[in-house]
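Novice: Curious how this folds, go ahead:
(one chain, ligands or ions: 1)
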Amino acid sequence: MKITLRLVISLVLVVALVAFAFSFYQVREEKIRLTSDLERRTIVLAESLQESVTPLFKSDSPEKLNRFVQRFGNRDRFQGIAVHDARGQLLASTADLDPQIPGSIPQVVHVLAEGRPADSFVHVGNRRIYLYAFPLASGEETIGVLTLFYNASYIDVRLEEIWRHNLIRFLILFVLVVAITLIVVRWSITGPIAQVAVWMRDLRTGKTGTVKPADLPKMDAALDPLISEASRMAKSLAIARARAEKASSLLARTEPPWTADRLREHMRAELGGKKLYLVSNREPYMHEKDGSAIRCIVPAGGLVTALDPVMRVCDGLWIAHGSGDADRETVDGNNTLRVPPGQPAYTLKRVWLTKEEEDGYYYGFANEGLWPLCHITHIRPEFRLEDWTHYRKVNEKFADALLTEIAGEESPLVLVQDYHLALLPALIKEKRPDAKVAIFWHIPWPNPEAYGICPWRQEILHGMLGSDIIGFHIQFHCNNFLETVDRFLESKIDWEQFSVTRGGHSTLIKPFPISVSFELPSGAPASESWPTKEDLLRALGVEVEYLGVGVDRIDYTKGIPERFRAIERFFEKYPEYLGRFTFVELGAPSRTHIKKYRDLTTEIEEAEEKINWRFRTKTWRPIVFLKAHHTHETIGPYYKASDLCMVTSLHDGMNLVAKEFVAARDDDDGVLILSQFTGASRELKDAVIVNPYDIEQMADAIRLSLGMPPAERRARMGRMRETLIEFNIYRWAGKLIAGLARLRLTDETSTSEATP
Ligand code: F6P
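Specialist: A predicted model of the protein is given here:
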């Protein structure tokens, strides 16, 4: 737009300048022409009148002179004549002129003195008069003066007319210039460049496969060099991508599967006896009072699901917020305890927060600000200065806790988790430049426009870029992050290495799609002994043929109301399923201190009530909403017994429920309905992929899933399980930790990837 504006302004200025100069010249020429024409006509008339006036003047007959003079009354532009005697006294004048002729006319005086004609333009009222005084001579002597008066205002009128016409011409020209410039710029410059940009973006993101000449947008010849360079670059990109895909699939196929044991061995080799430090807001085990007893619960959410198995293998230190009401009663003097209870495998260190800190940092800045900022679900983020202040302070508190723990260790390895602790990497590096720090962002990263509304956008980026590695679930979020840094920070971005360098320190930005363990924790009951579909239905008090399940934290990003609407629509469209299908929603209350979350729970409960009221029978309900904190032991049997599982997130970094469902289906059965807006949909391509905003499509997806032939169900589930067996959480941890451990910190601040 800036270019177009500049172009339009310059062209308009040039046109205006030329138009003005041309008008000025035209007006000047016209003025000269009209004035000399008037003078010439006046002189001719004066000379002819002189012949008639002189005898009358000499005859000394004022009546005759007066009669003659009156004949020249106001005719068109000619106003009349006046005759003065040798003393300058007015003898006669045309009647209309009388009131306009001043007592003494300087030109008359001049003619009497010099004996030569004199002329001038004078203003009478609002008119401009041309006055020509001519001597009446008798021999050598001037005996009087004949003065002619012409109205010369028509010259001014004509000149104004020229200015006006030229102004109108200029305005028409102005509109034409602007319109033509905009059209030409759009056709020849911005349009083609936008086309090239879309085309290049599609190539970069892999939307177009191989590059064919027909793919190239039709361009102006002037852009040919750009197009040919871009096409060459695209070709190399496509070749490189194909090679990389081939290489990684070969590597993946030749690699033995990642298991807990393999990760343990791998860690031993990579860490060489070093401890792994993990920092997150959410703790993996939380102690709560239950009457006079204390119970230990595993909080819901992907972070704990994914990282607890890793820590069990690595035996490190996990620092997290102690948020259970019995947490203080279960730690030692250093605020630590060994977990999991009964099978201690690693150490949990709890950090205590005041109520105000928890309000401002966790509920406020993290969950009312960053959470809706990063998830595109049309919930407006709220940013408050006091929340930001708490967020900074709590990040410092976590940094202090960690720095104390790593005080005696050389080059410690630190894994920071998620959006609650965005400032932590820079705080650690400030004090311990030798530490190797990675932050893994469990939620999506938005595009620069969406991110840009955050008042502390630079501080957050600065905090994160303290890390040596920043991990996201998918490449798309890495690209968004790099584009965001590019927009808001002074830095050098290497799009080949996917790294950012600032002040001598480099950070690698990489995708690490998180996953599940695919193994039951040791000691957990084998799936064969889990409650069956019949057991579950009996407990629910419903008799049905088909069972569906949804497992979520009750969060507006999960698309639970949309899911319920789709179930209602399914029964409207396919009434033959009434009484034959029940959907069980296992919803864990989450962040209930925030009003939007409480409102969402009410909305879900009301939807359940409405749909059940509409369709229920004595022995059947379409939806069962079980709002509670459900353990893995409760959820596992539902995964195993259900005909379908619905994951309908409006936006989700990965969504491990989808992967847990697939991992639980060791019978190779069941259908996964999966939102296209989850990171998981990039890997689980055999799910029935849906747009959760499209209720009709989701209703049809339920119908498709329930009617899917068993062979197809098994084939799809089999392929998804193969993917997850290979890309499990041990592989995720192995790659991330090895990536970090092998980094060479070449000086105090800069990072480079070591050759594996
Ligand atoms: O996935 C994002 C995340 O914040 C995880 O870090 C966490 O496991 C989950 O959501 C649960 O959220 P919370 O810790 O707020 O209960």
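Novice: Relative to the ligand, which residue of the stretch 651-756 of the chain is the closest?
Specialist: When distances are taken as CB to the nearest ligand atom, the stretch 651-756 of the chain reaches nearest to the ligand at residue 653, 6.2 Å away. Bear in mind the C-beta positions are built from the backbone N, C-alpha and C, glycine included.
Novice: Could you list the single helix or strand in the protein with the lowest mean pLDDT?
Specialist: Lowest on mean pLDDT, DSSP states H and E among the helices and strands of the chain sits strand 751-752, with a mean of 55.
Novice: Could you tell me the phi and psi values at the residue in the stretch 301-450 of the chain positioned nearest to the ligand?
Specialist: When scored by CB to the nearest ligand atom, the stretch 301-450 of the chain has residue 301 as its residue closest to the ligand, at 2.5 Å. In this entry, residue 301 is assigned phi and psi values of phi 130, psi 150 (degrees, to the nearest 10).
Novice: Near it, how many other residues are there?
Specialist: By the measure other CB atoms under 10 Å, the count of residues near residue 301 is 16.
Novice: isn't it right up against residue 553?
Specialist: Yes. Taking contact to mean CB atoms under 8 Å, the distance of 6.1 Å between residue 301 and residue 553 places them in contact.
Novice: what touches both of those two?
Specialist: Common neighbours of residue 301 and residue 553, counting by CB atoms under 8 Å, 6 or more residues apart in numbering, are residue 590.
Novice: Contact partners for the residue of the stretch 301-450 of the chain closest to the ligand?
Specialist: The contact partners of residue 301, taken as CB under 8 Å, 6+ apart, are 282, 553, 590.
Novice: name the element residue 337 belongs to?
Specialist: With elements taken from DSSP states H and E, the one containing residue 337 is strand 336-339.
Novice: quick one: buried residues of that strand?
Specialist: Of the residues in strand 336-339, those buried under the neighbour-count criterion (16 or more other CB atoms under 10 Å) are 336-337, 339.
Novice: just stretch 397-404 next, same as before
Specialist: Neighbour counts using 16+ other CB under 10 Å place 397-399, 401-403 of stretch 397-404 among the buried residues.
Novice: what does stretch 63-81 give?
Specialist: Judged by neighbour count (16+ other CB under 10 Å), stretch 63-81 contains these buried residues: 65-66, 68-69, 72, 78-81.
Novice: what would the residues you listed look like in a markdown table with pLDDT, distance to residue 636 and secondary structure?
Specialist: Below are the buried residues of stretch 63-81 laid out as a markdown table (pLDDT from 0 to 100; distance: CB to CB, whole Å; DSSP: H, G, I helix; E, B strand; the rest coil):
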| residue | pLDDT | distance to residue 636 | secondary structure |
| --- | --- | --- | --- |
| 65 | 84 | 132 | helix |
| 66 | 83 | 129 | helix |
| 68 | 84 | 129 | helix |
| 69 | 82 | 125 | helix |
| 72 | 77 | 121 | coil |
| 78 | 83 | 114 | strand |
| 79 | 82 | 113 | strand |
| 80 | 86 | 118 | strand |
| 81 | 88 | 121 | strand |
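Novice: Pick out whichever of those sits closest to residue 112.
Specialist: The shortest gap between residue 112 and any of the buried residues of stretch 63-81 belongs to residue 81, at 16.7 Å (CB to CB).
Novice: What residues does the protein have near the ligand?
Specialist: Contact residues (CB under 6 Å from any ligand atom) of the chain with the ligand: 282, 299, 301-304, 418, 442-443, 553, 590-591.
Novice: Just to be sure, which of the residues you listed are found in strands?
Specialist: residue 553 (DSSP state E).
Novice: Same list (the residues of the chain next to the ligand) but as JSON lines, adding pLDDT.
Specialist: What follows is the residues of the chain next to the ligand, written out as JSON lines (pLDDT from 0 to 100):
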{"residue": "282", "pLDDT": "98"}
{"residue": "299", "pLDDT": "95"}
{"residue": "301", "pLDDT": "89"}
{"residue": "302", "pLDDT": "89"}
{"residue": "303", "pLDDT": "93"}
{"residue": "304", "pLDDT": "94"}
{"residue": "418", "pLDDT": "98"}
{"residue": "442", "pLDDT": "98"}
{"residue": "443", "pLDDT": "98"}
{"residue": "553", "pLDDT": "98"}
{"residue": "590", "pLDDT": "98"}
{"residue": "591", "pLDDT": "98"}
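Novice: Make a ChimeraX selection of the buried ones in the residues of the chain next to the ligand.
Specialist: A single ChimeraX command selects the buried members of those (16+ other CB under 10 Å):
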select :282,299,301,302,303,304,418,442,443,553,590,591
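Novice: tell me the two of the residues of the chain next to the ligand that are most distant?
Specialist: Greatest spatial distance in the residues of the chain next to the ligand: 299 and 443, 16.2 Å, computed using CB to CB.
Novice: Tell me where the model's unsure across the stretch 51-200 of the chain.
Specialist: Residues of the stretch 51-200 of the chain meeting the criterion pLDDT under 70: 73-74, 98-103.
Novice: Pop the domain breakdown of this structure in here.
Specialist: Here the chain is described, according to automatic domain parsing, as comprising the domains 2-158, 261-511, 529-727.
Novice: among the ones you listed, which gets the worst mean confidence?
Specialist: Comparing mean pLDDT across the domains of the chain, the lowest value falls on domain 2-158: a mean of 86.
Novice: From start to finish, how long is that domain in a straight line?
Specialist: 42 Å (CA to CA, to the nearest Å).
Novice: Counting neighbours, what do you get for residue 345?
Specialist: As a burial measure, residue 345 scores 16 neighbours (other CB under 10 Å).
Novice: Could I get the contacting residues of it?
Specialist: For residue 345, the set of contacting residues under the criterion of CB under 8 Å, 6+ apart consists of 311-313, 315, 338-339.
Novice: try 7 Å
Specialist: If a contact means CB atoms under 7 Å, 6 or more residues apart in numbering, then residue 345 has 312, 315 as its contacts.
Novice: and residue 409, that one's in a strand?
Specialist: No. Checked against DSSP: H, G, I helix; E, B strand; the rest coil, residue 409 lies outside a strand; its state is coil.
Novice: I'd like the distance between it and residue 316.
Specialist: For residue 409, the distance to residue 316 under the criterion CB to CB, to the nearest Å works out to 11 Å.
Novice: same deal with residue 20?
Specialist: Applying CB to CB, one obtains 79 Å for the distance of residue 20 from residue 316.
Novice: got it, and residue 578?
Specialist: When CB to CB is the yardstick, residue 578 and residue 316 sit 53 Å from each other.
Novice: Neighbour count for these two, which is higher?
Specialist: Neighbours were tallied for residue 578 and for residue 316 using other CB under 10 Å; the higher tally belongs to residue 316 (23 against 15).
Novice: contacting residues around the residue lying closest to that one once chain neighbours are set aside?
Specialist: Spatial nearest neighbour of residue 316, excluding adjacent residues (CB to CB, 6 or more residues apart in numbering): residue 276 at 3.3 Å. The contact partners of residue 276, taken as CB under 7 Å, 6+ apart, are 314, 316, 413, 415, 737.
Novice: Let me have those residues in CSV, adding distance to residue 557 and secondary structure as columns.
Specialist: Below are these laid out as CSV (distance: CB to CB, whole Å; DSSP: H, G, I helix; E, B strand; the rest coil):
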residue, distance to residue 557, secondary structure
314, 30, helix
316, 30, coil
413, 31, strand
415, 24, strand
737, 28, helix
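Novice: Take these and write them to JSON lines, including distance to residue 109.
Specialist: As requested, these are arranged in JSON lines below (distance: CB to CB, whole Å):
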{"residue": "314", "distance to residue 109": "118"}
{"residue": "316", "distance to residue 109": "116"}
{"residue": "413", "distance to residue 109": "111"}
{"residue": "415", "distance to residue 109": "108"}
{"residue": "737", "distance to residue 109": "112"}
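Novice: Can you tell me which of the buried residues of stretch 63-81 is nearest residue 489?
Specialist: The nearest one, if we look at those relative to residue 489 and count by CB to CB, is residue 79, at 80.0 Å.
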